[in-house]
Structures are given as structure tokens and as C-alpha cells.
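Engineer: coords please:
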Amino acid sequence: MHPILRNILAVIAGIFIGSLVNMGIIMISGSIIPPPNGADVTTMEGLKATMHLFEPKHFIFPFLAHALGTLVGALLAARFAANNHMRFALAIGVFFLIGGITSVYMLPSPLWYTVVDLVGAYLPMGYLGGKLAGK
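Structural biologist: Next up, the predicted model:
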């Protein structure tokens, strides 16, 4: 397979599978740590209106979803890229970081969580994914 095509497919697979991991963790999070009483987590408007009810424990799974989704996506992209493995892993980290920044603007969260999420879940996990790919 041509290296450029392989790299493009590696990035697409990393984004797709990383997004699936992210969404899967978000989907199961409510059954493990139930949302606060009275919180409507089914819509963006409901989340915005009830965000003040959320405790720190309610932010564990969103962080894990962002971090593990990025890690898996970066690992796959680095593993299957034809060359520049770390560069493609970090590109996945940047892609998900842009998504995280967009999420902060769409759904305001506590400052502590915003900092932890944006600083710890994306670029470090992209780097770790590149390292774990071992190329």
C-alpha cells in the first residue's frame, strides 16, 4: 500500500476508533456513577442548566473517555502509519484537543476540570499512544 494512503487511513482509523472508545465510556458512565438528582443529561441544554449540580465524581468518566479515546486513537494511528509514527499519534492528540476546546465552549464546566481535561487528556495521551506503539 502506498505510504500516503496508509497514513491517511491510519489517521482516519485513529479518529474513528478513538471516538468510539470515547462515546462508549460516556454511554456507560451514567450506570456506574449516576448523574445528580434532577440533572437532565440527555440534551446539551439540560446539561448546561444542571451543571452546577455535578460533583467531582461526575467528571471522572468524561475525563477517562477523553483520555482513553485519545490514547487508543493515537496508538492505532501510530501503529498503522507508514512513517512519522509519533507525528501521527500527536496529530490525533491535537484533533481530540480541538474537540475538547470546542466542548468547553459549548458546555461550560468547572475551571479545575477544564484545566485537568485540556492539559492531561489529549496531548499527553497522544504522546503516550505514540510511545506505546513502539515504532
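Engineer: buried residues, the helix ranked longest in the chain. List them.
Structural biologist: Across the chain, the longest stretch assigned as helix under DSSP state H is helix 3-32. Within helix 3-32, the residues that count as buried by 16 or more other C-beta atoms under 10 Å are 7, 10-11, 13-15, 17-19, 21-22, 25-26, 29. Using the backbone N, CA and C atoms, a C-beta is placed for each residue, glycine as well.
Engineer: which SSE is immediately downstream of it?
Structural biologist: Counting by DSSP states H and E, the element after helix 3-32 in chain order, helix or strand, is helix 44-50.
Engineer: can you give the distance from that next one to the centre of its chain?
Structural biologist: From the chain centre to the centre of helix 44-50 is a distance of 20 Å (C-alpha atoms, centre = their mean, to the nearest Å).
Engineer: so what touches that helix?
Structural biologist: Contacts with helix 44-50, where a contact means C-beta atoms under 8 Å, 6 or more residues apart in numbering, come from Pro36, Gly38, Ala39, Asp40, Val41, Met106, Leu107, Pro108.
Engineer: tell me, how many residues neighbour the fourth one?
Structural biologist: Read that as Asp40. 13 (other C-beta atoms under 10 Å).
Engineer: quick one: the residue nearest to it when sequence neighbours are not counted and Gly38, what's the gap?
Structural biologist: Of all residues not flanking Asp40 in the chain, Gly46 sits nearest, at 2.8 Å (C-beta to C-beta, 6 or more residues apart in numbering). For Gly46, the distance to Gly38 equals 10 Å [C-beta to C-beta, to the nearest Å].
Engineer: and if you look at Gly130?
Structural biologist: According to C-beta to C-beta, Gly130 stands 42 Å off from Gly38.
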